[in-house]
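**Student:** take a look and give me a structure for this.
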Amino acid sequence: KSADVMSDARRIWVQHNGYQLGHLLGAEGPLQVKVVIDKTGEELIVKKTQCIVFTPSSLQLEDDLIRLNTLNEAVILYNLENRYNEDIVYTNIGPMVVSVNPFKPMDNLYADDVIFQYMDNDPDLLPPHLFTTAHKAYFDLRNNETSQSVIITGESGAGKTEATKIILKFLTTIAGDVALAAKILAINPILEAFGNAKTVKNENSSRFGKLIKIHYTEDGAITGASVNNYLLEKTRIVSQAPGERSYHIFYQLLHGLSDEYKAWMYLDMPVNTFAYLSNGDLEAQGIDDGIAFDRMMDAFEHLEVSQEEINEIFQVVGAVLHLGNIQFTGGDSASIVNLDEVTIVSELLQVDITSLESSLVRKQFQGRGRSSVYVKNFTEQQAMENRDAMAKELYSRLFDYIVELVNKKLTGEETNLFISVLDIYGFEQFEHNSLEQLCINYANEKLQEQFNHHLFKSEQEEYRREGVQWIDIPFIDNMGCINLIEEPAKGILSKINEEVRLPRGSEKDLMFKLIQEHKASQFFKHDPRFANKFDIMHYAGPVTYTVTGFLEKNRNTREIGIDATMWTSNLLLVNQSLFVRPTDDQDTSNSSKATVLQ
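**Tutor:** Here you go, the predicted structure:
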């Protein structure tokens, strides 16, 4: 017995490939100790800061980890892992539900009888579930007559999109309006088709953020819903990293449309013949593009979107694909190699072919203070960049239009009571991280700061005001990292915008300015061996960013000739929604600007 007591007294958690149970063997100087890992028998010398005191109660598996006597990172991970191994994917930590992606179907968790079980009973007496969160949000709205928010956050691939759908399923079922519930749930296949894509971490990654609001009466009946979308990843439209795909809709059309329909849209070609799709993967594991297409079409039907509206949407998608196949030559004075592709784009968009051809190879600009428009030929490189800018602008405006279309179909009586569900990009860290990852991780830093404020700062300040005996819980305050990114004039985003506006701005100069401004910051690191890279110490860990491409991605290089071409379109979607001709008092002389945080 004394040996067991001695054993427990020297037992510790060791941070080594995660956290593992081990035993303390002895000191190795003032800052290090010698330990042995229980599972493998491996002996290691580690820093004292890598060790956490073990208590026997921490091996208990709890539905709510707040009930444990000791709560630290090692204990949380031990509980989550062992519950996960028993197919228990949900765990409470106080008011939060932690969800671990099972990467397999678990339909029995979400069946109708389970929904009714959580609807009709006190969820605190039931196992942890996302339905618990939805139940509390709904009844807090009804009982307190105050709007509620559900925030879903986590790293890329954690299962946020699926969690959003599960929450929405409960919130629409409990309100009892079957027809309206079906419409609200129908938004998912449509938004996933146009806004989700395969990444190296996730076969169905949301490449945009969304805030879904469900409006209720005081009695808890649904009156309507709306969607706000944020930060669609535009660069994916024209290029993808190895092992990734563009947006699902491109592949769904090529696999789901009938042969006759594809021939009408000039899409009766193999997927890899389209330049915008050929530099990434052509398939996503576990996704059947034909079946996904059918689900999307069913969703359009639920929302009562007409076939004419659908046809016009598909025509724009097809035009984007064919834009990518337009090739240029000519060096300093660009000309188009394959005019047949220009003809196809003009037919799909129903625009004037002469205007389209001109806007692809010539830049239009106005002299300062003059009404005259001047024309100058693009170089071959400029023409390719302009073509890609046109494709990105077309698709991003189409995506905004689809969100607006969905909102019109879901519009009901807008009340003061609503439940909002926020689903935004997860924290990302890849082998190569660019401007997209910087913006995504910045958004997650802001979410983490909100979490810190509500769970730690405000709660502990309240305890102090009330005189509660309390030992402050230490937490990572990430405001320094947020300031590094967003501070006016000095922050990274401001420096990027500043460099874009300079006539001879360069990524080399950007790096120099970032290093000079932030070299003393504990959140910014730069290794002189890598001239085009810097590290940010995020709350979730350090991320190395490569500035190559930052400035180009931050530019909106669309020229005024593109807008003029789109105004010639006979397609209602294009000339009445995507590119509306401005009134005389609207300035269109400069469409080139920095786009970060705009």
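**Student:** can you find the helix or strand in this structure with the smallest mean pLDDT?
**Tutor:** Using mean pLDDT, DSSP states H and E, the weakest-scoring helix or strand in the chain turns out to be helix 2-9, at a mean of 41.
**Student:** what's the next secondary structure element after that helix?
**Tutor:** Sequence order places strand 11-15 as the next helix or strand after helix 2-9, per DSSP states H and E.
**Student:** that next one pairs with which strands?
**Tutor:** Its sheet considered, strand 11-15 pairs with strand 19-27 (antiparallel), strand 51-53 (antiparallel) by DSSP bridges.
**Student:** which parts of that strand are buried?
**Tutor:** For strand 11-15, a neighbour-count test (16 or more other Cβ atoms under 10 Å) marks 11, 12, 13, 14 as buried. To be clear about C-beta, it is placed using only N, CA and C from the backbone, and glycine gets the same treatment.
**Student:** likewise for stretch 259-274?
**Tutor:** 262, 264, 265, 266, 267, 271, 274.
**Student:** so which of the residues you listed are in helices?
**Tutor:** 262, 264 (DSSP state H).
**Student:** from residue 126, how far out is residue 87?
**Tutor:** From residue 87 across to residue 126, the span is 16 Å (Cβ to Cβ, to the nearest Å).
**Student:** same question for the helix ranked longest in the chain, mean pLDDT?
**Tutor:** Secondary structure assigned by DSSP H gives helix 380-410 as the longest helix of the chain. Averaged across helix 380-410, the pLDDT comes to 94.
**Student:** which neighbours in the sheet does the helix or strand immediately after that helix in the chain have, and how are they oriented?
**Tutor:** Heading C-terminal from helix 380-410, the first helix or strand you meet, by DSSP H and E, is strand 417-423. The pairing partners recorded for strand 417-423 under DSSP bridges are strand 148-152 (parallel), strand 209-216 (antiparallel).
**Student:** indicate which one of the ones you listed is closest to residue 232.
**Tutor:** strand 209-216 (8.8 Å; Cβ to Cβ).
**Student:** coming back round to it: who has more neighbours, residue 87 and residue 126?
**Tutor:** residue 126 (15 against 11; other Cβ atoms under 10 Å).
**Student:** so what's the nearest residue to that one once chain neighbours are set aside up against?
**Tutor:** Among residues not flanking residue 126 along the chain, residue 118 sits closest, at 6.2 Å (Cβ to Cβ, 6 or more residues apart in numbering). Neighbouring residues of residue 118 by Cβ atoms under 8 Å, 6 or more residues apart in numbering: 126, 129, 131, 132, 134, 135, 170.
**Student:** skipping adjacent residues, who's closest to residue 531 in space?
**Tutor:** Closest to residue 531 by Cβ to Cβ, 6+ apart is residue 511, at 6.7 Å.
**Student:** does the one you found count as helix, strand or coil?
**Tutor:** Under DSSP: H, G, I helix; E, B strand; the rest coil, the three-state class of residue 511 is helix.
**Student:** how about the longest helix of the chain: buried residues?
**Tutor:** Neighbour-count burial for helix 380-410, counted by 16+ other Cβ under 10 Å, picks out 380, 382-384, 386-399, 401-403, 405-407, 409-410.
**Student:** got it, and stretch 217-224?
**Tutor:** 222, 223, 224.
**Student:** turn these into a markdown table, including distance to residue 48 and pLDDT.
**Tutor:** A markdown table is the format used below for these (distance: Cβ to Cβ, whole Å; pLDDT from 0 to 100):
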| residue | distance to residue 48 | pLDDT |
| --- | --- | --- |
| 222 | 56 | 92 |
| 223 | 58 | 91 |
| 224 | 58 | 91 |
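**Student:** so what's residue 171 up against?
**Tutor:** Contacts of residue 171 by Cβ under 8 Å, 6+ apart are 134, 137, 138, 214, 419, 421.
**Student:** go with 10 Å
**Tutor:** Going by Cβ atoms under 10 Å, 6 or more residues apart in numbering, residue 171 touches 131, 134-135, 137-138, 141, 148, 150, 181, 184, 212, 214, 216, 222, 225, 419, 421.
**Student:** tell me where the stretch 201-350 of the chain has strands.
**Tutor:** 205-206, 209-216, 222-230, 328-329, 335-336 (DSSP state E, counting those that start in this stretch).
**Student:** and the angle for the longest one with strand 417-423?
**Tutor:** Counting by axes from the mean of the first three to the mean of the last three Cα atoms, to 10 degrees, strand 222-230 lies at 30 degrees to strand 417-423.
**Student:** what is strand 222-230 packed up against?
**Tutor:** The contact analysis (3 or more Cβ pairs under 10 Å, 6 or more residues apart in numbering; DSSP states H and E) places strand 222-230 against helix 160-175, helix 178-195, strand 209-216, helix 380-410, strand 417-423.
**Student:** and these as a markdown table, adding distance to residue 551?
**Tutor:** As requested, the helices and strands packed on strand 222-230 are arranged in a markdown table below (distance: least, Cβ to Cβ, whole Å):
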| stretch | distance to residue 551 |
| --- | --- |
| helix 160-175 | 30 |
| helix 178-195 | 26 |
| strand 209-216 | 24 |
| helix 380-410 | 12 |
| strand 417-423 | 30 |
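**Student:** closest to residue 569 out of these?
**Tutor:** helix 380-410 (11.0 Å).
**Student:** in a strand, residue 17, correct?
**Tutor:** No: the assignment for residue 17, made by three-state DSSP, is coil rather than a strand.
**Student:** contacting residues around it?
**Tutor:** Here residue 17 is in contact with 37, 40 (criterion: Cβ under 10 Å, 6+ apart).
**Student:** residue 45 versus that one, what's the distance?
**Tutor:** Relative to residue 45, and taking Cβ to Cβ, residue 17 is found at 16 Å.
**Student:** residue 582 now?
**Tutor:** On the measure of Cβ to Cβ, residue 582 and residue 45 end up 69 Å apart.
**Student:** sweet, I'm off.
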